[in-house]
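Novice: The following block contains a protein sequence and its predicted model.
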Amino acid sequence: SPQGMVAGAFHVARLLDPTEESALATVAVVVAAARMLEGNRDFIADVLAVMRANDAPPSLLEAIARVPRDPKVAPLVPRGESPSPTAAVSWILWNVHHRPRGVQLLEQMVLAGGVSVTVGAVLGALIGARDGIAGWPSVWVDAAGEGVARRTAMVARLGAHA
């Protein structure tokens, strides 16, 4: 259920980073992903509703509310290994909301450098939720397929030991 998904995301995020800001930013990403997987590209209102229902701090609410307001001015790129969760989620959501060419966006992010692996992975996941991977370069998909094979083999080995 959506409520269970939100609660699960919040609590797992709190286990990994005890700050409420980080947990709520995680919930914002999960809500956005859920809406995009349903085929809805207009996810900001739903994200804001969940943030308000969970008493998100005003700084996080304002950062997310700014996303649809100015399509020409992106938030600052969240640089470094541990950027602020608010800066990271507002940048990610702005890009997913305003940049229709996912492959080009991901390539530009990588070429520019300075974005943490986690922020890049979350952006890639949301682009995949929004667009699918049909238009991705085959080398990206092939590499993902190798990862799937490794994860499947690992699960099989772990299951044998359970």
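Specialist: It's in.
Novice: May I have the secondary structure class of the most centrally placed residue in the chain?
Specialist: Against the mean C-alpha coordinate of the chain, by Cα atoms, centre = their mean, the closest residue is V122 at 3.6 Å. When classified by DSSP: H, G, I helix; E, B strand; the rest coil, V122 comes out as helix.
Novice: right, and it touches A32 too?
Specialist: No: here V122 lies out of contact with A32, judged by Cβ atoms under 8 Å, at a distance of 9.9 Å. In this view, the C-beta of every residue, glycine as well, is placed from N, C-alpha and C.
Novice: Could you tell me how far the helix or strand harbouring A125 lies from the centre of the chain?
Specialist: Taking DSSP states H and E as the definition, A125 sits inside helix 117-131. With Cα atoms, centre = their mean, to the nearest Å as the basis, helix 117-131 stands 5 Å off its chain's centre.
Novice: Could you pull out the buried residues of that helix?
Specialist: Buried positions in helix 117-131, judged by neighbour count with 16 or more other Cβ atoms under 10 Å: 119, 122-124, 126-131.
Novice: nearest to V139, of those?
Specialist: Closest to V139 out of the buried residues of helix 117-131 is G124 (14.2 Å), distances taken as Cβ to Cβ.
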